[in-house]
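Chemist: sequence and predicted structure, then a few things I'm wondering about:
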2 protein chains.
Amino acid sequence: MADIQRLSLNQATVQNWSVKEAVDGCVRHGIPSIALWRHKIHEAGLQQSAQHVRDAGLHVSSVCRGGMFVAPSAAERKERIMDNFRAVEEAKELNADSLVMVVGASTEVPIADARQMVADGLAELVPYAREQGVKIGLEPLHPMYAGDRSVLNTIDQSLAMAAPYAADEVGLILDVFHIWWDPTVFEQIQRAAGRIFGFHACDWLVPLPDTLLGRGVMGDGVIDNHALRLAVDAAGYNGPIEVEIFNQALWDTPGDDVLNKVVERFTALV
Amino acid sequence: MADIQRLSLNQATVQNWSVKEAVDGCVRHGIPSIALWRHKIHEAGLQQSAQHVRDAGLHVSSVCRGGMFVAPSAAERKERIMDNFRAVEEAKELNADSLVMVVGASTEVPIADARQMVADGLAELVPYAREQGVKIGLEPLHPMYAGDRSVLNTIDQSLAMAAPYAADEVGLILDVFHIWWDPTVFEQIQRAAGRIFGFHACDWLVPLPDTLLGRGVMGDGVIDNHALRLAVDAAGYNGPIEVEIFNQALWDTPGDDVLNKVVERFTALV
């Protein structure tokens, strides 16, 4: 099973903690990497956040998140690009492995047009990210989010979106929650070899408590995290594995209890 | 837009109506076809249900549903097969275009094994269906149901499952709710040419009110029903188009109001 040295705490799992609290939690529980969210970084201050992770000797697996390229007006889309530029700067300052992209969706934009807006947005963003030395990680989201959160919904589609760019510039963030159901997931992971920038573990609960805040800890649902992790490894990925769990019940649990469970399940099941 | 002559009322849309009430509703609203659910058929009686639709001069587009092939024990799987045999007999008695399959899923069965159980179940069922002259319609369900309802989640996967059988024996039921998000949906529909046994219209609401009972009437969500209908037509399908909407709020509305809206939206938007 997975070595704790590959574990990264995605801060979303302990939503009530600040950057400092999450960093300290990682140190207490022997977790070597962390993924930070921008709203938490802004609360703590960028320099301060960078200082916290440096002082603790943590590695930053990703900054969450940029993207949201889909909007009905050109002015709004431009504003989103400008915000992505700032996200690139934050990822650079934190020395993150990549800046994660959740690409967006809008009820006001037909899905085919929305997908073109994502391609157009990347074309504006990637040159700046390249200049700053920040990698862009496209995260395909589960198809149930295609109407309101992301029109990027499969690995193959994400690979096509990344194809115009170098393999060390634009890659994929693979989260088991989003991809586990796909009848061709193992073939698609193989095709993603060389473009995998991140891997996320969690679980799919049955019944699903909530489309957004209903993820489970590994072992509480139906996903074979281990099989998917081995597939991602076989495709050449050997970087951090984030545990990212949006779950209201988990957020209502003391953070140290959450981390105990995350470490236990990670080392036993991933 | 679609001719009302292609409209079929899937009985699930007016959940509170009996077979007789749904049949009478179709007659009042000029809807020429109907799709019946087995629990409603059993309530009314099979012969009686067949008599109702014959007396009203309605066409039966489908019987919903068989399938549910996935279960941890061989005994339980055998029981499900026996139930599918009865469903075939019901579809034959009602002279339905096809028997719809929702193939099942189980938290106790790994997804790859579950998919094999579906293939094995079909191998037992299809010879009997062939003998009875009943077509088997495989319905790929949205990936959000892969954990509890159906491990058949894309058109391509369904085509592979149908491939061992003749094109007039095992085909696909395409419901926009399940397939609209797919980045390759139009190519997949094209590949399904000759195997399309049914097409369902409805809508995907944002935000999704409920994973099961949150479907919308065409025009209330983000799906381009017209574009998908044209694609299905272009692939050679010219049969009935069912409107199948699981929605608690709709079920709490008087049935005639529901049918008024269904007819209006169908002829304007599908």
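Modeler: It's in.
Chemist: what ranges do the strands span in the stretch 151-270 of chain A?
Modeler: In the stretch 151-270 of chain A, the segments counted as strands under DSSP state E, counting those that start in this stretch are A:170-175, A:196-201, A:203-204, A:215-216, A:241-243.
Chemist: name the strands paired with the last one and say parallel or antiparallel.
Modeler: Looking back up the chat, that one is strand A:241-243. strand A:7-10 (parallel), strand A:196-201 (parallel) (DSSP bridges).
Chemist: closest to residue A:126 out of those?
Modeler: Shortest distance between residue A:126 and the strands paired with strand A:241-243, using CB to CB, is found for strand A:196-201: 13.5 Å. Quick note: C-beta positions are derived from backbone N, CA and C, even for glycine.
Chemist: alpha carbons of the closest one, in PDB - could you do that?
Modeler: As requested, the backbone C-alpha atoms of strand A:196-201 are provided in PDB (Å, rounded to 0.1, in the frame of the first residue of the first chain):
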ATOM      1  CA  ILE A 196      -0.200  13.100 -14.900                       C
ATOM      2  CA  PHE A 197       0.600  16.000 -12.600                       C
ATOM      3  CA  GLY A 198      -1.400  14.800  -9.500                       C
ATOM      4  CA  PHE A 199      -3.500  12.100  -8.100                       C
ATOM      5  CA  HIS A 200      -6.300  12.400  -5.500                       C
ATOM      6  CA  ALA A 201      -7.700   9.700  -3.200                       C
END
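Chemist: spatially speaking, which residue is in the middle of chain A?
Modeler: residue A:100 (5.2 Å; CA atoms, centre = their mean).
Chemist: one step back: out of the strands paired with strand A:241-243, deepest packed?
Modeler: Of all the strands paired with strand A:241-243, strand A:7-10 has the most neighbours on average by mean count of other CB atoms under 10 Å in any protein chain shown, namely a mean of 28.
Chemist: what's the average pLDDT for it?
Modeler: Strand A:7-10 shows a mean pLDDT of 98.
Chemist: following that strand, which helix or strand comes up?
Modeler: helix A:19-28 (DSSP states H and E).
Chemist: make a markdown table out of the strands of the stretch 151-270 of chain A and add distance to residue A:158.
Modeler: A markdown table is the format used below for these (distance: least, CB to CB, whole Å):
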| stretch | distance to residue A:158 |
| --- | --- |
| strand A:170-175 | 5 |
| strand A:196-201 | 11 |
| strand A:203-204 | 20 |
| strand A:215-216 | 20 |
| strand A:241-243 | 17 |
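Chemist: now those in a markdown table, with distance to residue A:66 and mean pLDDT?
Modeler: Shown next, in a markdown table, are these (distance: least, CB to CB, whole Å; pLDDT from 0 to 100):
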| stretch | distance to residue A:66 | mean pLDDT |
| --- | --- | --- |
| strand A:170-175 | 12 | 98 |
| strand A:196-201 | 13 | 98 |
| strand A:203-204 | 25 | 98 |
| strand A:215-216 | 21 | 96 |
| strand A:241-243 | 16 | 98 |
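Chemist: which one of those strands lies nearest to residue B:187?
Modeler: It's strand A:170-175; of the strands of the stretch 151-270 of chain A, that one is closest to residue B:187 (CB to CB) at 21.5 Å.
Chemist: relative orientation of that closest one and strand A:196-201 in degrees?
Modeler: 10 degrees (axes from the mean of the first three to the mean of the last three CA atoms, to 10 degrees).
Chemist: buried residues, the helix or strand of chain A with the lowest mean pLDDT. List them.
Modeler: Sorting the helices and strands of chain A by mean pLDDT, DSSP states H and E puts helix A:248-251 at the bottom, at a mean of 94. By neighbour count with 16 or more other CB atoms under 10 Å in any protein chain shown, helix A:248-251 contains the buried residues A:250, A:251.
Chemist: run a quick neighbour tally on whichever residue of the stretch 1-150 of chain A sits closest to chain B.
Modeler: Nearest residue of the stretch 1-150 of chain A to chain B: residue A:146, at 3.6 Å (CB to the nearest CB). Using other CB atoms under 10 Å in any protein chain shown, residue A:146 has 23 neighbouring residues.
Chemist: repeat that for residue A:157.
Modeler: So residue A:157, with other CB under 10 Å, has 19 neighbours.
Chemist: and the closest residue to it other than its chain neighbours, what does it touch?
Modeler: Among residues not flanking residue A:157 along the chain, residue B:183 sits closest, at 4.3 Å (CB to CB, 6 or more residues apart in numbering or on different chains). Residue B:183 makes contacts with A:115, A:153, A:154, A:156, A:157, as judged by CB atoms under 8 Å, 6 or more residues apart in numbering or on different chains.
Chemist: write out the residues of chain A neighbouring chain B.
Modeler: Proximity of chain A to chain B (CB under 8 Å from any CB of the partner chain) is limited to residues A:107, A:110-111, A:115, A:142-144, A:146-148, A:153-154, A:156-157, A:180-184, A:204-208, A:211, A:221-222, A:224.
Chemist: and these, which are buried?
Modeler: A:111, A:115, A:142-144, A:146-148, A:153-154, A:156-157, A:180-183, A:204-206, A:208, A:211, A:221-222, A:224.
Chemist: related to what we said a few turns ago, excluding chain neighbours, what is closest to the residue of the stretch 1-150 of chain A closest to chain B?
Modeler: residue B:181 (3.6 Å).
Chemist: that neighbour and residue A:149 touch, don't they?
Modeler: No: the pair residue B:181 / residue A:149 is not scored as a contact, 11.3 Å apart, by CB atoms under 8 Å.
Chemist: which two of the contacts of residue B:183 have the greatest separation?
Modeler: A:115 and A:156 (13.1 Å).
Chemist: where does the stretch 151-270 of chain A have low pLDDT?
Modeler: The model of the stretch 151-270 of chain A has no residue with pLDDT under 70.
Chemist: tell me how far the ends of stretch A:204-223 are from each other?
Modeler: 6 Å (CA to CA, to the nearest Å).
Chemist: circling back to that earlier point, between the strands of the stretch 151-270 of chain A, which gets nearest to residue B:32?
Modeler: Judging the strands of the stretch 151-270 of chain A by CB to CB, what sits closest to residue B:32 is strand A:203-204, at 41.1 Å.
Chemist: out of the buried ones among the residues of chain A next to chain B, which are inside helices?
Modeler: A:111, A:115, A:156, A:157 (DSSP state H).
Chemist: before we move on, back to that, for the contacts of residue B:183, which one is nearest residue B:22?
Modeler: Looking across those and measuring by CB to CB, the closest to residue B:22 is residue A:153, at 35.2 Å.
Chemist: now do the contacts for the closest residue in space to that closest one that isn't next to it in sequence.
Modeler: The shortest distance from residue A:153 to any non-neighbouring residue, by CB to CB, 6+ apart, is to residue A:143 (4.8 Å). Residues in contact with residue A:143 (CB under 8 Å, 6+ apart) are A:153, B:142, B:143, B:144, B:181, B:182.
Chemist: can you redo these as JSON lines with distance to residue A:240?
Modeler: Formatted as JSON lines, the contacts of residue A:143 follow (distance: CB to CB, whole Å):
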{"residue": "A:153", "distance to residue A:240": "24"}
{"residue": "B:142", "distance to residue A:240": "31"}
{"residue": "B:143", "distance to residue A:240": "26"}
{"residue": "B:144", "distance to residue A:240": "28"}
{"residue": "B:181", "distance to residue A:240": "29"}
{"residue": "B:182", "distance to residue A:240": "31"}
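Chemist: look up the pLDDT of residue A:1 for me, please.
Modeler: 89.
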